[in-house]
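> Give the three-dimensional model of this entry:
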Amino acid sequence: MSEAGIFGLPAFVYHHLPKTAGSTFRTVMESYWEPEAVCRFEVEDEFAGRDESWRAARFFAGHFSYGFVRDFPLDVQRVVFLRNPVERVVSQYYNFHDASRRPQHWDDRTREHPEMRLLLDAVRTMSLSDFIGSREPFIQNVVRNYQTRYLTDHSTDPARMLPQDCVLEDSPHMLEEAKGNLLHSFDFFGVQELFGMSMNLFCAQYGLPPLGTFGAMTRNINPRKHGLGRYELSEAVLERLHALNSLDMELWRFAQNVLLERVEQSVRSLTASRSREKTVAPDVPCCSWPVVFPVETLKRFRGLYWLEEDGLGRKFRWTGYETPAVLELEFPVNGNDALMIALDILSDAPPEKFTAPSLAFDSLECRLLRADRVGPMQYSVKYSVTVADYHWPRRIHLLKVNEHLFTEPYKAAGRLLGSCVHRVAVDRVV
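Here you go, the predicted model:
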């Protein structure tokens, strides 16, 4: 795989404002590159005093100041997400309050910053009302117009902030500065409450296939949230949070409106393009069906382990357990084509215990038809899918393989294994 990843993407720096869908966005983005292309530095001082090897990475993400992101010393695309500020502050409180909700690597970082450790220890004993009413400068920085501040030069390195750095200016000037920076300093911005729409617009902007539904990725299992996915708050707390975040509320609404305008513009552009294609683009012919892809011939993929060979000379790659593998396949498909996909899997499971992985073709869920045992420890699993009309004639496709059954590792070096993929074959159903 090239340093640009499976899709030839540019490099990105992600300005991760805490509790704004960042972990989900980062999971999606990190799947586009090999691990060594993802920079593991997540705070500003981790870049200082290091050798220059980090410059070879393609994806940078962390809790930074606005100035650090604006002046990032590489040619990168800048990305940020925003969120309803009331929900963001409450989520941040519970993240501070409940140590089990913080990743271990962030707890490790706080050990290097005693002032931050003292803050977290103090928050564990606070109620939400006490938290938002605190006069502690660190807490005030978190609960008061944080998103607006961290899109302007009024922000400082959040991991190294001292009390004297907490100059909490609330002014229309700062809000206008944040709006301008959002529009002109960032190449893309999204909104957590419109995450699916944001990500599909992101995919369209950077030439990526649409990712489909995000329900499983964005579902929050915090028991303090009720069925609508929002925190239950008293009127007094809600009123106080709105008062503390008046600039953030306006910025958040502004971001939503701009995002919706961009989606509408994108749809209009796509509609016009599709109209032109229907008048000039004939069906894309295919010279020979079925199209067969032995796993050793695949050049672009993610989520597959290295190439191996069994005692019969059959080559295969393991998928991960509960980690999607994505294979890029090249062959022509027209709108409304019905396809039969055969996934050849090596497995020593008897037929009554063999479980087929789920499959998606260009984000369309495939229907499992049957699994046939076709050789020693080899199954051919058949799926069907009809390519929707909006998938105009195209040659590059993504096949997503998701294995939900854990396979006992064999010489696996601790890997969490799924299926042994040997070959993929695609046929057109006439």
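
> Now the longest strand seen in the chain: buried residues?
Determined from DSSP state E, the single longest strand within the chain is strand 417-429. Of all the residues in strand 417-429, those buried under the rule 16 or more other Cβ atoms under 10 Å are 417, 418, 419, 420, 421, 422, 423, 424, 425, 426, 428. For the C-beta atoms, the positions are set from N, CA and C on the backbone; glycine is no exception.

> Residue ranges of each domain in the chain, please.
12-269, 291-429 (automatic domain parsing).

> Could you dump the ones you listed into CSV and include mean pLDDT?
Compiled in CSV, the domains of the chain are given as follows (pLDDT from 0 to 100):
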stretch, mean pLDDT
domain 12-269, 85
domain 291-429, 83
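
> ok, back up a step: same for the longest strand of the chain, what does it pack against?
For strand 417-429, the helices and strands in contact under the criterion 3 or more Cβ pairs under 8 Å, 6 or more residues apart in numbering; DSSP states H and E are strand 291-294, strand 315-320, strand 325-333, strand 338-346, strand 394-402.

> Find the pair from the buried residues of strand 417-429 with maximum spatial separation.
In those, the most distant members under the criterion Cβ to Cβ are 417 and 428, with 32.3 Å between them.

> how deep is residue 202 tucked in, by neighbour count?
Counted with other Cβ atoms under 10 Å, residues neighbouring residue 202 total 19.

> which ones are touching it?
Listed by Cβ atoms under 8 Å, 6 or more residues apart in numbering, the contact partners of residue 202 are 79, 188, 190, 208.

> Specify the local secondary structure of residue 26.
helix (DSSP: H, G, I helix; E, B strand; the rest coil).

> Counting neighbours, what do you get for it?
By other Cβ under 10 Å, the residues close to residue 26 number 17.

> That one and residue 15 touch, don't they?
No: judged on Cβ atoms under 8 Å, residue 26 makes no contact with residue 15 at a distance of 11.8 Å.

> Now do the SS call for residue 32.
Once three-state DSSP is applied, residue 32 turns out coil.

> Break down the chain into its helices, ranges please.
Remark: helices of the chain, listed N- to C-terminal, are 22-30, 66-70, 85-97, 104-110, 114-123, 128-133, 137-143, 146-149, 172-184, 195-205, 215-218, 235-244, 246-280; assignment by DSSP state H.

> for the ones you listed, which one ends up most surrounded?
Per-stretch averages of neighbours, counted by mean count of other Cβ atoms under 10 Å, single out helix 146-149 among these, with a mean of 27.

> who's in contact with that one?
Among residues not part of helix 146-149, those counted as contacts by Cβ under 8 Å, 6+ apart are 17-18, 20, 82-83, 85, 88-89, 141, 155, 168-169, 174-175, 178, 247-248, 251-252.

> if we go to 7 Å?
The contact list for helix 146-149 (Cβ atoms under 7 Å, 6 or more residues apart in numbering) reads 17, 82, 85, 155, 174, 175, 178, 247, 248, 251.

> go on, stretch 47-54?
Outside stretch 47-54, the residues that touch it by Cβ under 7 Å, 6+ apart are 39, 41.

> Tell me the buried residues in that stretch?
Of the residues in stretch 47-54, those with enough neighbours to count as buried (16+ other Cβ under 10 Å) are residue 47.

> just how off-centre is it within its chain?
In this view, stretch 47-54 has its centroid 26 Å away from the chain centroid, taken as Cα atoms, centre = their mean, to the nearest Å.

> Quote the end-to-end distance of it.
Terminal residues of stretch 47-54 are spaced 8 Å apart (Cα to Cα, to the nearest Å).

> try stretch 294-312
Between the opening and closing residues of stretch 294-312 we find a distance of 15 Å, counting by Cα to Cα.

> Same check on stretch 345-356?
Terminal residues of stretch 345-356 lie 9 Å apart, using Cα to Cα.

> can you list contacts of that stretch?
Identification of contacts with stretch 345-356 by Cβ under 7 Å, 6+ apart yields 310, 314, 316, 368, 371, 373, 377-379, 381, 405, 419-422.

> Likewise for stretch 366-379?
Contacts of stretch 366-379 from elsewhere in the structure, counted by Cβ under 7 Å, 6+ apart, are 312, 341, 344-348, 351, 354, 356, 359-360, 380-385, 422.

> Repeat the analysis, applying 10 Å as the threshold.
With contacts defined as Cβ atoms under 10 Å, 6 or more residues apart in numbering, stretch 366-379 is touched by 310-312, 314, 316, 339-351, 354-360, 380-386, 399-400, 419-420, 422-423.

> if I read this right, residue 8 contacts residue 396, doesn't it?
No: using Cβ atoms under 10 Å, residue 8 makes no contact with residue 396, being 11.1 Å away.

> Find residues that contact each of these two.
When contacts are counted by Cβ under 10 Å, 6+ apart, the set common to residue 8 and residue 396 consists of residue 300.

> ok, back up a step: farthest pair in the contacts of stretch 345-356?
310 and 368 (24.7 Å).

> Counting neighbours, what do you get for residue 368?
Per other Cβ under 10 Å, the neighbour tally for residue 368 reads 14.

> Many thanks, have a good one.
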